[in-house]
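J.: Give me the fold of what follows.
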Amino acid sequence: MLKVVRQNKSYIKNTQTGAVVNTDSSAYTLYMKRTKAKQKQNDELRGALREINTLKSEMHEIKNMLIKFIEKQ
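T.: I've put the predicted structure just below:
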């Protein structure tokens, strides 16, 4: 048996299982949109950090090569 929750009409409680379900599909759509945007932002940040770490590693290699070159002179 389903029962509407008093505090919010978009929530329905299943009295057999005790589960509360949000029936507002626009709220769910908005939630998913925000979740995907946050995931995209996190992916972009991870990509930028990966590029920064690669550049740092390459700069370290260049520095070591310059030191070896100068030592040979």
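J.: so how far is residue 45 from the residue nearest the centre of the chain?
T.: Nearest to the mean C-alpha position of the chain, counting by Cα atoms, centre = their mean, stands residue 39 at 3.1 Å. Distance, residue 39 to residue 45, using Cβ to Cβ, to the nearest Å: 11 Å. For glycine as for every other residue, the C-beta is placed from the backbone atoms N, C-alpha and C.
J.: starting at the chain centroid, how far to whichever strand or helix holds the residue nearest to the centre of the chain?
T.: Secondary-structure element containing residue 39, defined by DSSP states H and E: helix 25-72. Relative to its chain's centre, helix 25-72 lies at 14 Å (Cα atoms, centre = their mean, to the nearest Å).
J.: Do you know the pLDDT at the residue nearest to residue 24 when sequence neighbours are not counted?
T.: Excluding the flanking residues, the one nearest residue 24 by Cβ to Cβ, 6 or more residues apart in numbering is residue 10, at 3.8 Å. At residue 10, the model reports a pLDDT of 85.
J.: Model confidence for residue 37, exactly?
T.: So residue 37 comes in at 98 (pLDDT).
J.: tell me the contacts of it?
T.: Shown in contact with residue 37 (Cβ atoms under 8 Å, 6 or more residues apart in numbering): no residues.
J.: Okay then, goodbye and thanks.
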